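> no letters, just coordinates:
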């Protein structure tokens, strides 16, 4: 596998602080990503150290290593204008600094139209077929083909973005059809933001709707369809690399065109493309070809279609959490509201990141508010606590009673409170949900309560609080005592109450569980909880926020791949928690007595938590008689040498390793309608279809069924193009 080494040091990646170490912002006088000596010195020190380490391990291509490209900076073109002349100086400096490391592979900059001549500017986006670098001598490189989102990566309170594989395949084929040289998926393998690694507001899940999902399982049909796409492109390799200029397009009709690549050996490859929204038939070199809307057909010999981006022939797979096991025998411990360790006081609001140094999500703000008798004539005054600026969330307690939770992204936040005559204690537990990871001026980011706090709604007027005496405490007692570890948990007196289903906020919960016996990746269902963090065997799985529900509109049941994709086109999971299941790698588990600890900030019910293996439950596929079959043409095949009729691709069904097909729940040879998982019979249907599939597949891990009328007892509708569709269950 070849490597495009993305050094950064700014990487974004929806990572906490964009990948920068937290200490960097505290260097005197530092300004990030501009003509600042302190930042440039640290950048050069990091790049030189990393390059020398890689050279010592012989990892560059000239050392017979895998690294063929290296990237400096990341999408700087989206912010460089705000830095003006200093930004341009920095851009030139960092390019020259990188080139001076003499790594002997090309340096690139993504989304940087004014990249210096010494580096190659590249494209990031859903589509890059129209991209051309800023000089003729540079190749067209696509460094991020977004498999799931644009700028709406999955955040707390948002639906889950997806992207149809037909559209991804279309974009890739168009890119190479129009002269692209290099393409990289972002992401190809989803992941998990374990611990506190996610940037501000981003979920622990970083699945990204990638071909390989967060758990390391292949996502079908996305993985298989893209695999077939690249197999087809590989058949065109000799022709694609055998030219120095992109061949002129050949018009095939409105919104349709072809490109033909010819090699010096006489080999020929062609791409037929339609970016319209209607299926059509086109004439190319004297032959008619069916060309679905928004698709590209690949002809490695300029004659036979071996792949069409809109025709998905691989199976779809539904992964589910099966045999869920309740997690029981919980004990609890209440995080104290009173000071438990070192505190400090001042007559101003402190900035949270500068105070905590990002060692924790939590900072306590505590003060007193005096209310006149006349403001509470009935012994209680209803008022509003207004925080002029809050980032990211806060739990408010008045007189040791939980008043509510508010979240905001650097804006005003208000909470209804009840006050009594005299002195009232006001405690605010402010929380970050990661540091900012995108945009300019990261070093100036602020969090917590800033610029003012007041009580409104009293008859005597507002009470301004920012000049009160404020007492601060960094972090939680449970964090400090490491209650999430076996030894640390011994320091607390845990309550063994039989009912932990309605515990108050700021509670720690602890139990043990055994590893699920069934195969498959493992996850915890935390949908019954509110907001907090979770640890297994002392390892932080990340933040959870089950009470943060995605908006109820904008999602679709079936996303149409036709037409340009956008970040909001194919949202799912509206009206549901942004994340319910949390990945627990089996490598972190013992066979017995795994320690599970949660810190619940709001109110949750741990008794409803379950753990389950994630395995395939349903698989389904539909294959048409017209579906192209990938022909193993050699790279030296010449146009016209293919004389036989291409074979019809079979329908394939395959369960995971260790599973078998237990039953066929749907099968039809004819013209079935609907999508995978919701197939329906039509008037053209062979009645023996289900029996044929059951005989061929049940009891096996995988099966191949030819699409021929003879195995189904005859042709149910002569003269029509038929399909074989099936849904099976794995066990």
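Perfect, thanks for sending it. Quick caveat, the model's predicted, so the values are computed rather than measured.

> give the helix, strand or coil label for the spatially most central residue of the chain.
The residue lying closest to the centre of the chain (Cα atoms, centre = their mean) is residue 208, at 2.5 Å. Secondary structure for residue 208, judged by DSSP: H, G, I helix; E, B strand; the rest coil, is coil.

> any weak-confidence spans in the protein?
Scanning the chain for pLDDT under 70 picks out the ranges 150-154, 498, 501-503, 629-647.

> the helices in it, which residues?
If DSSP state H is used as the criterion, the helices of the chain fall at 37-56, 84-99, 165-177, 222-235, 237-240, 352-356, 477-480, 689-697.

> highest average neighbour count across these?
Greatest average neighbour count among the helices of the chain goes to helix 165-177 (a mean of 25), per mean count of other Cβ atoms under 10 Å. To be clear about C-beta, it is placed using only N, CA and C from the backbone, and glycine gets the same treatment.

> now for that one, which elements pack on it?
With contacts defined as 3 or more Cβ pairs under 8 Å, 6 or more residues apart in numbering; DSSP states H and E, helix 165-177 has these neighbours: strand 141-146, strand 182-186, helix 222-235, strand 268-274, strand 295-299.

> go with 6 Å
If you count contacts as 3 or more Cβ pairs under 6 Å, 6 or more residues apart in numbering; DSSP states H and E, helix 165-177 packs onto helix 222-235, strand 295-299.

> what residues are up against the spatially closest residue to residue 242 that is not a sequence neighbour?
Spatial nearest neighbour of residue 242, excluding adjacent residues (Cβ to Cβ, 6 or more residues apart in numbering): residue 263 at 3.6 Å. Contact analysis of residue 263 by Cβ atoms under 6 Å, 6 or more residues apart in numbering lists 238-239, 242.

> can you pull the buried residues of stretch 544-560?
By neighbour count on 16 or more other Cβ atoms under 10 Å, the buried set for stretch 544-560 is 544-548, 550, 555, 559.

> tabulate those residues in JSON lines, adding columns for distance to residue 161.
Below are these laid out as JSON lines (distance: Cβ to Cβ, whole Å):
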{"residue": "544", "distance to residue 161": "20"}
{"residue": "545", "distance to residue 161": "18"}
{"residue": "546", "distance to residue 161": "20"}
{"residue": "547", "distance to residue 161": "21"}
{"residue": "548", "distance to residue 161": "16"}
{"residue": "550", "distance to residue 161": "11"}
{"residue": "555", "distance to residue 161": "10"}
{"residue": "559", "distance to residue 161": "10"}
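
> was I right to think residue 434 contacts residue 16?
Yes: taking contacts as Cβ atoms under 6 Å, residue 434 lies within contact range of residue 16: 5.1 Å.

> which neighbours do those two share?
Residues touching both residue 434 and residue 16 (Cβ under 6 Å, 6+ apart): residue 199.

> of the contacts of residue 263, which is the nearest to residue 722?
Within these, the smallest distance to residue 722 is 33.9 Å, found for residue 239 (Cβ to Cβ).

> please report the distance of the closest one from residue 252.
Distance, residue 239 to residue 252, by Cβ to Cβ, to the nearest Å: 19 Å.

> go on, residue 64?
Distance from residue 64 to residue 252, counting by Cβ to Cβ: 45 Å.

> likewise for residue 378?
Computed as Cβ to Cβ, the residue 378 to residue 252 distance reads 80 Å.

> and the two? which has more neighbours close in?
For residue 378 and residue 252, the more surrounded residue by other Cβ atoms under 10 Å is residue 252, and the numbers stand at 19 against 7.

> which ones among the buried residues of stretch 544-560 lie within strands?
In strands, judged by DSSP state E, the following of the buried residues of stretch 544-560 are found: 544-545.

> neighbours around residue 472, how many?
Counted with other Cβ under 10 Å, residue 472 comes out at 21.

> let me fix that, I meant to ask about residue 504.
Neighbour count of residue 504, defined by other Cβ under 10 Å: 13.

> please apply the same query to residue 699.
Residue 699: 11 neighbours (other Cβ under 10 Å).

> leaving out chain neighbours, which residue sits closest to it?
Of all residues not flanking residue 699 in the chain, residue 660 sits nearest, at 5.8 Å (Cβ to Cβ, 6+ apart).

> state the distance from the one you found to residue 209.
Residue 660 is 28 Å from residue 209, by Cβ to Cβ.

> which one of these two is surrounded by more residues?
Taking neighbours as other Cβ under 10 Å, residue 660 and residue 209 compare with residue 209 leading, 24 against 16.

> what's the separation between the residue nearest to residue 699 and residue 215?
Distance, residue 660 to residue 215, by Cβ to Cβ: 21 Å.
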